[in-house]
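K.L.:
Fold the following, please.
(chains A and B)
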Amino acid sequence: MSQNDPPGGLFGLSYDGETRVFERLKLVSTAIIVLVGAWPIYWMTQLAFTEYRVVEDGVTVFPTPEIFTFGNFTVLTDPRMYTYMFNTVVVAIGTIVTVVIVSLIAGYGLARLNFPYKEHFARILLIGYLFSPIVIGIPLYQIWRSIGLLGTRVGLIIALSAVSMPFAVWLMWKYIMTIPEAHEEAAWVDGASRWRGFRDVVIPQCRPAIIAAALFAFALAWNDFTFAQILLPSTDTTTFAPGILRAMGQAQFLPDAYLMAISLAMTLPPLLFAYFMQSYLLKGFQVRAL
Amino acid sequence: MAGEPRESFRPRTAYIPWDELPIQRETVVGIGTVLPVVILYLLIAVLPIAFAFWASLHDIHTLNPEWEWVGLDNYYEVLNITTFWGSLWRGLVYMVGSTLIQLTVGLWMAVVLNRITRGQKLLTAVVFTAYLIPTIIVSLVALRVFDPAGGVFQMMGAEWFGLWGAREAPLGSREWAMPFLILIGSWKFSVFVTIFTLAQLRAIPDRFYEAAKVCGANRWQMFRDITLPRLVGIILVVVLLRSIFMFNKFDIIWQLTQGGPGNSTTTLPVLAYKTVYTNQAYGLANAIAIVMFLFLLAGAIGYFMIFNPSEEVETTA
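P.N.:
I've put the predicted structure just below:
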C-alpha cells in the first residue's frame, strides 16, 4: 500500500479492495432485484400466452410453440371485462385531471400568497393521511346514496381525488417554493397578470411535480379496490379490481390463463409510465419536506 | 400632458395591480386557491367522520334505514368483543412487520438502483411497476402461484422444502396466511420507499462524495455522513406514511384471504367491513371505524412529538 492510498476502509480493506467488495455486492443485489422484481411479471406474461388447458393442468415455465397462444386475450373483448377496464380508465383520467388542477392552484396559493392560518391548513391536511379508505368508505356509502352519487363514476373520482389531494398539495406547495419567485416577478414587470404568470411561468416549470402528482393519483386510482368495492355496488359501473373479483365469484369457470391475460393488459400502461416518466417522477419527488 | 408621451416612450411600464390593492385582496385570492381542496376535504374526510360518529351512536341494520339511538353502547360493545382486540393485535403485527420489511428492502433497492450503471432505467421501471400495477393483479398472481393446483410456489414449498402438504394452500392455513400477506404486500409497497429515497439519492451532488474521498473517508463514513443525513427526513415521513397505510390496508387482505382462515388475518379494517356487510351492523361498524381513527390519531401525534418529521426534514434541507 503506497502512501497516497486513502486510509483503510471497512474490515481493514484498502479503498480498492473495498470497491471490489461493493461492486460484487451490487451485482448480487441487482440479480436479486431482477429476480424478485421481474419474476411475477414474467410469470404472469408466460401464463397469459399459454393455452389455458395446459395452465389448469400443472406448472409451465415457458410457453413453448405447441402451447403458445394469443387466444387468452379474447377475454378482453368480453363485454363485461371491457366495461370494467373502460370504467377504470375513465376513473383514472378523471382523478388525475382533478388532482393536478386542484393541487396546482392550491400549491401556488400556499407558496406565493399570504393568508392567515396557511401553515395550520397544511398541517390539518396531513391528518387526511390517517383516514383509512374503509373508515371513509363506510359512511360515504350512506352519504353518496342520499345525494345520488352512489354507483356513479363521478362519486368515485371525487373520493379518490380527495384521498390523493393532501399529498399532491404538499408536493406542489414544496415544489413551487423551489422555483425562484423572481421568474414570476420578471413576468409581472413585463405586464403579465398573476394568472398569466402562473400559467406561463410557474406551470411549465412545475412539470416534474405535475407528473409526480399525476402518477401518484394514477397509482391510487388504478389500484383502488376499497372505494370501488363500496361505492360502486352495481356491476355495470364498477371498475376493474372489484369487478374481476366479483366475476371470479360468479363465473363457473374463469381460467387462470384468462385472468393473467387481463392482468397483463392492465400492467402494460403502468410499465410504460414507469419507463418513460421515471426521471420526471424522481425529480418531482425530490422535494424534501412533506 | 407629461403622462402621455412617457407612456409612448415606455409602453411596457410595470403594471402590478396587486401592489395597489389592499392586502385583503391577497388573502381572498389565497383562500380562493385552497377552497377546492377545502371543499373536497370537507366532503370526503370531515363529513364522513362526523357522519360515522353520529352513526356509531345508533343501532343500524345495514339495509334498513331506521336508526335507533343507543348512545355509547356500540363503543362498549366494540371494546368488549374479543375479535376487536384480536384484530387490533393482528393489525399491529401486520403493520410493524410490513413496515420493517418495506423500509429495509425499499432502502436497499434505492441504494442499488442509484449505483448500477447498466440497465438502470429498465430495472427502475420494472421495480416501479410493482407499485403502479393494481393490487388486484398482485393478488391474482399470488393466488395463482400459491394455488395447490399448479401453483409454482405452492409446489416448491411442498416438494422442495416440505413446508406444507402437497394439497395444502398456504394462504388458507392459519400458520402461513399472515406471513405471506406481509411478504406479498411488501413486494408491492417496498417500492413506495424506493421511489422517495431514490429521489433523494439522485439529488445528492457527486462532488460531495469526491470531496469525502479526497479527505480519505471510507464508504461507511460516506454513507453515514453524506447519504444518511440526507435521507433521515424522508425516512421518518415514509415510515409514518407506510405504518398508517399498512394499518389501514384492506384491499390486499380482502382479496387474498378475506380475513380467513377463521379470523387469522382479520385486521381492524377487515373487521369493520365484515361488520357492515356480513353482520349487517352499520352502527357498530362505524364505531369500529371511529376507534380505528382515534388509535391512528394518537399514534401519529405520538410519532410527531417524538420525531417531528417535518422539522427534521427542514434542518437537513
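K.L.:
Just list the residues touching residue B:191, thanks.
P.N.:
By Cβ atoms under 8 Å, 6 or more residues apart in numbering or on different chains, the contact set of residue B:191 is B:106, B:109, B:127-128, B:130-131. Glycine gets a C-beta too; all of them are placed from N, C-alpha and C.
K.L.:
Going along the chain, name the strands of the stretch 1-150 of chain B.
P.N.:
Counting by DSSP state E, counting those that start in this stretch, the stretch 1-150 of chain B has strands at residues B:58-60, B:67-69.
K.L.:
Next, the residue of the stretch 1-150 of chain A found nearest chain B: phi, psi?
P.N.:
The nearest approach of the stretch 1-150 of chain A to chain B comes at residue A:109, 2.7 Å away (Cβ to the nearest Cβ). The phi and psi torsions at residue A:109 (degrees, to the nearest 10) take the values phi -60, psi -40.
K.L.:
Might you report the residue contacts of the closest residue to it other than its chain neighbours?
P.N.:
Spatial nearest neighbour of residue A:109, excluding adjacent residues (Cβ to Cβ, 6 or more residues apart in numbering or on different chains): residue B:33 at 2.7 Å. Residue B:33 sits next to A:105-106, A:108-110, A:113 when contact means Cβ under 8 Å, 6+ apart.
K.L.:
how far away is residue B:144 from chain A?
P.N.:
Note on residue B:144: its distance to chain A, by Cβ to the nearest Cβ, to the nearest Å, is 5 Å.
K.L.:
residues touching that residue, list them.
P.N.:
For residue B:144, the contact set (Cβ under 8 Å, 6+ apart) comprises A:43, A:47, A:256, A:259-260, B:151.
K.L.:
Let me know the closest of those to residue B:196.
P.N.:
Nearest to residue B:196 among the contacts of residue B:144: residue A:43, at 27.7 Å, using Cβ to Cβ.
K.L.:
tell me which element that closest one is part of?
P.N.:
helix A:39-48 (DSSP states H and E).
K.L.:
so where do the helices sit in chain A?
P.N.:
Counting by DSSP state H, chain A has helices at residues A:15-33, A:39-48, A:52-57, A:79-112, A:118-127, A:133-147, A:153-178, A:181-189, A:194-197, A:203-205, A:207-223, A:226-231, A:240-250, A:256-284.
K.L.:
among the contacts of residue B:191, which are in reach of chain A?
P.N.:
Residues of these in contact with chain A (Cβ under 8 Å from any Cβ of the partner chain): B:109, B:127-128, B:130-131.
K.L.:
closest one to residue B:181 among the strands of the stretch 1-150 of chain B?
P.N.:
Evaluated over the strands of the stretch 1-150 of chain B, closeness to residue B:181 peaks at strand B:58-60, with 30.7 Å, by Cβ to Cβ.
K.L.:
Hmm, residue A:85 is touching residue A:268, no?
P.N.:
No. Using Cβ atoms under 8 Å, residue A:85 is not in contact with residue A:268, being 11.7 Å away.
K.L.:
what ranges of the stretch 1-150 of chain B fall below the confidence cut-off?
P.N.:
Flagging of the stretch 1-150 of chain B using pLDDT under 70 yields the residue ranges B:1-24, B:65.
K.L.:
How about it: which residue is closest to chain A?
P.N.:
For the stretch 1-150 of chain B, Cβ to the nearest Cβ, closest residue to chain A: residue B:33, 2.7 Å.
K.L.:
which SSE is the residue positioned nearest the centre of chain B in?
P.N.:
What sits nearest the mean C-alpha location of chain B, by Cα atoms, centre = their mean, is residue B:245, with 3.1 Å. Following DSSP H and E, one finds residue B:245 within helix B:228-247.
K.L.:
and the angle for that helix with helix A:153-178?
P.N.:
Computed by axes from the mean of the first three to the mean of the last three Cα atoms, to 10 degrees, the angle separating helix B:228-247 from helix A:153-178 equals 170 degrees.
K.L.:
just to revisit the earlier point, just the buried ones from the contacts of residue B:33?
P.N.:
The neighbour count (16 or more other Cβ atoms under 10 Å in any protein chain shown) marks A:105-106, A:108-110, A:113 as buried among those.
K.L.:
Against residue A:279, how distant is residue A:168?
P.N.:
Residue A:168 sits 19 Å away from residue A:279, going by Cβ to Cβ, to the nearest Å.
K.L.:
ok, the two, which is more surrounded?
P.N.:
More crowded of residue A:168 and residue A:279, by other Cβ atoms under 10 Å in any protein chain shown: residue A:168, with 27 against 13.
K.L.:
show me what contacts that one?
P.N.:
Applying Cβ under 8 Å, 6+ apart to residue A:168 gives the contacts A:99-100, A:102-103, A:107, A:213, A:216-217.
K.L.:
and residue A:10, what pLDDT?
P.N.:
For residue A:10, the pLDDT comes out at 57.
K.L.:
gap between the lowest-mean-pLDDT helix or strand in chain A and the chain center?
P.N.:
Every helix and strand in chain A was compared by mean pLDDT, DSSP states H and E; the lowest is helix A:52-57, with a mean of 74. Relative to the centre of its chain, helix A:52-57 is centred 32 Å away, using Cα atoms, centre = their mean, to the nearest Å.
K.L.:
Stretch A:152-168 now?
P.N.:
Relative to its chain's centre, stretch A:152-168 lies at 13 Å (Cα atoms, centre = their mean).
K.L.:
what's the answer for stretch B:193-209, then?
P.N.:
The chain centroid and the centroid of stretch B:193-209 are separated by 21 Å under Cα atoms, centre = their mean.
K.L.:
Check stretch B:106-115 too.
P.N.:
With Cα atoms, centre = their mean as the basis, the distance from the averaged C-alpha position of stretch B:106-115 to the chain average is 20 Å.
K.L.:
buried set for it?
P.N.:
B:106-114.
K.L.:
Now intersect those residues with the helices, please.
P.N.:
Cross-referencing the buried residues of stretch B:106-115 against helices under DSSP H gives B:106-114.
K.L.:
rewinding a little: between the contacts of residue B:191, which is nearest residue B:229?
P.N.:
Among those, and counting by Cβ to Cβ, the member closest to residue B:229 is residue B:106, at 18.4 Å.
K.L.:
And the closest one, how far from residue B:80?
P.N.:
In this view, residue B:106 and residue B:80 are 39 Å apart by Cβ to Cβ.
K.L.:
ok, now residue A:106?
P.N.:
The value you get for residue A:106 to residue B:80, if Cβ to Cβ is used, is 43 Å.
K.L.:
so residue B:290 touches residue B:55, yeah?
P.N.:
No. The criterion here is Cβ under 8 Å, and residue B:290 misses it with residue B:55 at 9.1 Å.
K.L.:
Poorly predicted segments of the stretch 101-250 of chain A, please.
P.N.:
Residues of the stretch 101-250 of chain A meeting the criterion pLDDT under 70: A:235.
K.L.:
Do you know the pLDDT at residue B:310?
P.N.:
pLDDT, read off for residue B:310, is 58.
K.L.:
how about the helix or strand where residue B:294 lies: buried residues?
P.N.:
Residue B:294 is located in helix B:282-307, with elements delineated by DSSP H and E. Neighbour counts over helix B:282-307 (16+ other Cβ under 10 Å) mark B:282-293, B:295-296, B:299-300, B:303-304, B:307 as buried.
K.L.:
Any idea how far apart the tips of stretch B:75-87 sit?
P.N.:
15 Å (Cα to Cα, to the nearest Å).
K.L.:
how far out from the middle of the chain is that stretch?
P.N.:
Centroid displacement of stretch B:75-87 relative to its chain, using Cα atoms, centre = their mean, is 25 Å.
K.L.:
got it, and stretch B:263-270?
P.N.:
Worked out by Cα atoms, centre = their mean, stretch B:263-270 lies 18 Å from the chain centre.
K.L.:
I would like the residues contacting it, please.
P.N.:
A:132, A:134-135, B:83-84, B:86-88, B:90-91, B:94, B:174, B:177-178, B:181, B:247-250, B:253-254, B:256-260, B:274, B:288, B:292.
K.L.:
That's all I had, so thanks and see you.
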